[in-house]
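**Q** Next comes the sequence, and after it the predicted model I'd like to discuss.
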Amino acid sequence: MPLPIEDYALIGDCETAALVGRDGSIDWLCIPRFDSDACFAALLGGPENGRWLIAPEAEEVRVSRRYRGNTLILETTFDTSDGKVLLVDFMPPESEGCDLMRLVIGLDGEVRMRTELIIRFDYGATVPWVTRDEEGDLCAVAGPQMLLLRTPVSVRGEEFKTVGEFSVKSGERVPFVLSYAPSHLPPPKLPDCHGGLQDTEQFWEQWAATCKEAGRWTRPVLRSLITLKALTFAPTGGIVAAPTTSLPERIGGKRNWDYRFCWVRDATLTLLALMGAGYFEEASAWRNWLARAVAGSPGQVQIMYGIAGERRLWEWEVPWLAGYKGSKPVRIGNAAHAQLQLDVYGELIDALYHARRGGVPKSEPAWAIERAILDELAQTWRKPDNGIWEVRGPRRHFTHSKMMAWVAFDRAIKSAQEFGLEGPVDDWIRIAREIHEDVCRHGYDAELATFVQFYGAKEVDASLLLIPAIGFLPASDPRVRGTVEAIERNLVIDGFVHRYRTRETDDGMPPGEGAFLACSFWLADAYYLLGREKDAEELFERLLGLCNDVGLLSEEYDAASGRLVGNFPQAFSHISLINTAHNLSHEIKPAEQRGR
């Protein structure tokens, strides 16, 4: 059985990523890209589906771990009765190939170790053909994929896996390097593990040095930024929501989705988090990715794309994987990419506007693309849609979607007025006023004194917490205060915010999921805007307490079991952490900046 989600840590090279358990097992790895085939899928179906374990043979082992400084180098210490060993896991960024490096360092005494490597391509389905080359290195090939294992340790084949035993004394270092290459190409040269460690440490420490201070929350903010950088596909600037698929929102449930894609929904909050921390190069790369991804017919704008802007994200189920702790099905691809979500139009136009305000170098095609999209939205904003939470049920007139349609026109007006850009501003002003009046008339329930999830509903939705942050209404408006109070009464459970009350009728899925962490940060932001700064800080500190021992958050939290749930680590959770910390510590506050 896989470990609890919070027992994993992330390593990566800004092109792909792996999850390392505190037991020394790498249970998830996609090579060579975030959204490509997995060669280690033990996380979703057991060791026989691929993993790589390096651990002491001792029965009793005390384990501690940390990231080395401000890097993505994971250090796991195994303390046994015979001695102490350090396992260092990392993937060098900006290297010629894709290399997963593991370095075993003896700290004290002499410790007997073992390694077990199970390579399975095609999400656990394909056993590769394993041979040795002239240098004695292992070469595993299946179709287009090839992995090479280089190590001085003597390893052998045993029941379709590669195993070996070795001892490490104090001061000794034993390297392992697993390299990927297309099988039709010559094997890549053996990279230097020790040099790779130095290069990796230098890369991350130099990158981290840019980070602006966030008061007493600088440390968790920087760890979140490093995580966000790790989830960025460097060649394109796209940022994946998570490096995993099908980690369940409820253990044993069916709400298991593939998050290895880039959501337009995250656009503005991502941009503000990066710019607020001083990372304008990454913000520019993200803005450029957005402009390229949505380029084309405005009627074909999607809610998410692949890391290079791919549009066909067809969803299929993997029947041979049992799922994380029996949570089936395992899904590859995401059918929600074909949904209509009107809110993404607002997110896109909002992000491009704030990029201009923030001083991100301008993109010439962006304004023309925006104008074409606004022409499309002028015709479609009255339609029902699937909403921000991608409900797989009937389309409705979601209140948040309509508000974000208003944001699209509001930001276009501001872009034209503030930056001298040409456009039919009078028409945009008229449409924005029309949308605003429509939402206030149909999306607000005077009897309940709150905005509601969708027109005619009697329930609230956590996305309504963004009303003052996006500038739809000021925090001083009694309708905003009433909405926050309604969310506190109905969606705050065990101290954390749920997205909405899930029902089987919503999407054919069984009800029930964890508290959505991004929404919980949004409540802290709403508290701040309402002048409830003490409540905001208390909630923020409580949320920081949910980070695992190396500072990572998943999508959701199950208070009943005290476990992280959902895909991990989750960019949206860490983006929200960064922005809330900036709201509470920076002079320029994202929640105020966005709505101006």
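**A** Nice, I can see it. Numbers count the residues shown, from 1 in each chain.

**Q** The closest residue to residue 161 other than its chain neighbours: neighbour count?
**A** Distances taken as CB to CB, 6 or more residues apart in numbering place residue 118 nearest to residue 161, at 4.5 Å, with adjacent residues excluded. Just so you know, the C-beta spots here come from the backbone N, C-alpha and C atoms, and that holds for glycine as well. Residues lying near residue 118 (other CB atoms under 10 Å) number 23.

**Q** in the sheet, who's paired with residue 118?
**A** Beta bridges link residue 118 to residue 51, judged by DSSP bridges.

**Q** so it touches residue 45, yeah?
**A** No - Residue 118 lies out of contact with residue 45 (CB atoms under 8 Å); the separation is 11.6 Å.

**Q** tell me the domain ranges of this protein?
**A** Per automatic domain parsing, the domain ranges recorded for the chain read 5-186, 212-595.

**Q** just so I know, which of those lies nearest residue 201?
**A** Distance to residue 201, taken as CB to CB, is lowest for domain 5-186 among the domains of the chain, at 5.5 Å.

**Q** measure the closest one end to end?
**A** Using CA to CA, to the nearest Å, one end of domain 5-186 lies 37 Å from the other.

**Q** any idea of the mean pLDDT for that domain?
**A** Mean pLDDT, domain 5-186: 95.

**Q** Centre of the chain to it, how far?
**A** Offset of domain 5-186 from its chain centre (CA atoms, centre = their mean, to the nearest Å): 23 Å.

**Q** begin at 22 from here
**A** Understood, numbering begins at 22; the last thing we discussed is domain 26-207.

**Q** what residues does stretch 234-241 touch?
**A** Residues from elsewhere that reach stretch 234-241 (CB atoms under 8 Å, 6 or more residues apart in numbering): 232, 242, 298, 561, 565, 568, 572, 598-599, 602-603, 605-607.

**Q** JSON lines for the residues you listed, including pLDDT?
**A** JSON lines is the format used below for these (pLDDT from 0 to 100):
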{"residue": "232", "pLDDT": "97"}
{"residue": "242", "pLDDT": "98"}
{"residue": "298", "pLDDT": "97"}
{"residue": "561", "pLDDT": "98"}
{"residue": "565", "pLDDT": "98"}
{"residue": "568", "pLDDT": "98"}
{"residue": "572", "pLDDT": "98"}
{"residue": "598", "pLDDT": "98"}
{"residue": "599", "pLDDT": "98"}
{"residue": "602", "pLDDT": "98"}
{"residue": "603", "pLDDT": "97"}
{"residue": "605", "pLDDT": "96"}
{"residue": "606", "pLDDT": "94"}
{"residue": "607", "pLDDT": "87"}
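
**Q** Now list the buried members of those.
**A** Buried by 16 or more other CB atoms under 10 Å: 232, 242, 298, 561, 565, 568, 572, 598-599, 602-603, 605-607, out of the contacts of stretch 234-241.

**Q** What's the end-to-end length of stretch 33-40?
**A** 9 Å.

**Q** from the buried ones among the contacts of stretch 234-241, which single one is nearest residue 82?
**A** Looking across those and measuring by CB to CB, the closest to residue 82 is residue 572, at 23.1 Å.

**Q** list the contacts for the closest one?
**A** 88, 240, 241, 244, 245, 248.

**Q** who wins for most neighbours among the residues you listed?
**A** residue 245 leads the contacts of residue 572 on contacts (other CB under 10 Å) with 28 neighbours.

**Q** On the three-state scheme, the nearest residue to that one once chain neighbours are set aside is what?
**A** In space, residue 245 comes closest to residue 595 once its chain neighbours are excluded; the distance is 3.8 Å by CB to CB, 6+ apart. Following DSSP: H, G, I helix; E, B strand; the rest coil, the label given to residue 595 is helix.

**Q** The one 4 residues further on too?
**A** Taking three-state DSSP as the rule, one finds residue 599 in the helix state.

**Q** since we're on the closest residue to it other than its chain neighbours, how many residues are nearby?
**A** Leaving aside its sequence neighbours, residue 599 sits nearest to residue 294 (CB to CB, 6+ apart; 4.1 Å). The local packing of residue 294 (other CB under 10 Å) involves 28 other residues.

**Q** Quickly find the element holding residue 294.
**A** Assigned by DSSP states H and E, residue 294 belongs to helix 288-298.

**Q** Quick one: distance of the helix or strand just after that helix to the chain centre.
**A** Downstream of helix 288-298, the first helix or strand assigned by DSSP H and E is helix 301-315. Relative to its chain's centre, helix 301-315 lies at 17 Å (CA atoms, centre = their mean).

**Q** quick revisit: per-residue confidence at the residue nearest to residue 599?
**A** For residue 294, the predicted pLDDT is 97.

**Q** Equivalent analysis for residue 305, please.
**A** On the pLDDT scale, residue 305 gets 96.

**Q** Repeat that for residue 528.
**A** 56.

**Q** wait, residue 110 sits on residue 47?
**A** Yes - the criterion here is CB under 8 Å, and residue 110 meets it with residue 47 at 7.4 Å.

**Q** Overlap in contacts, these two.
**A** Contacts common to residue 110 and residue 47, judged by CB under 8 Å, 6+ apart, are 39, 41, 121.

**Q** Could you give the number of residues near residue 379?
**A** Other residues close to residue 379 by other CB under 10 Å number 18.

**Q** which one is it nearest to, not counting chain neighbours?
**A** Excluding its sequence neighbours, the residue lying closest to residue 379 (CB to CB, 6+ apart) is residue 296, at 4.5 Å.

**Q** who's in contact with residue 217?
**A** Here residue 217 is in contact with 111, 113, 116, 120, 122, 198 (CB under 8 Å, 6+ apart).

**Q** Give me the pLDDT for it.
**A** Looking at residue 217, its pLDDT is 96.

**Q** That one falls within a helix, correct?
**A** Yes - per three-state DSSP, residue 217 lies within a helix segment.

**Q** From residue 164, how far out is it?
**A** Applying CB to CB, to the nearest Å, the value for residue 217 to residue 164 is 28 Å.

**Q** cool, and residue 493?
**A** 52 Å.

**Q** Tell me which of those two has more neighbours.
**A** residue 493 (26 against 11).

**Q** coming back round to it: of all the buried ones among the contacts of stretch 234-241, which comes closest to residue 72?
**A** residue 572 (23.8 Å).

**Q** Which ones among the shared contacts of residue 110 and residue 47 lie within helices?
**A** Using DSSP state H, no member of the shared contacts of residue 110 and residue 47 sits in helices.

**Q** Burial check on residue 457, number of neighbours?
**A** 18.

**Q** How much space separates the residue nearest to it when sequence neighbours are not counted from residue 52?
**A** The shortest distance from residue 457 to any non-neighbouring residue, by CB to CB, 6+ apart, is to residue 427 (5.4 Å). With distances taken as CB to CB, residue 427 is found 43 Å from residue 52.

**Q** Also residue 369?
**A** 31 Å.

**Q** These two: who's more crowded?
**A** When residue 369 and residue 52 are compared for neighbours, residue 369 comes out ahead with 27 against 22, by other CB under 10 Å.

**Q** Dihedrals phi and psi, the more buried one?
**A** Backbone torsions of residue 369, given as degrees, to the nearest 10, read phi -70, psi -50.

**Q** Residue 366 too?
**A** phi -60, psi -40.

**Q** Just to check, it is in contact with residue 324?
**A** No - using CB under 8 Å, residue 366 is not in contact with residue 324; the gap is 10.1 Å.

**Q** Between those two, point out the one with more neighbours.
**A** residue 366 (26 against 23).

**Q** State the pLDDT value of that one.
**A** Residue 366 carries a pLDDT value of 97.

**Q** what's near enough to touch it?
**A** Neighbours of residue 366 in contact, by CB under 8 Å, 6+ apart: 322, 394, 395, 397, 398, 425, 426, 429.

**Q** Among the residues you listed, which ones are in helices?
**A** Short answer: the contacts of residue 366 in helices (DSSP H) are 394, 395, 397, 398, 425, 426, 429.

**Q** Neighbours of the third one, how many?
**A** In other words, residue 397. Residue 397 - counted by other CB under 10 Å - has 15 other residues nearby.
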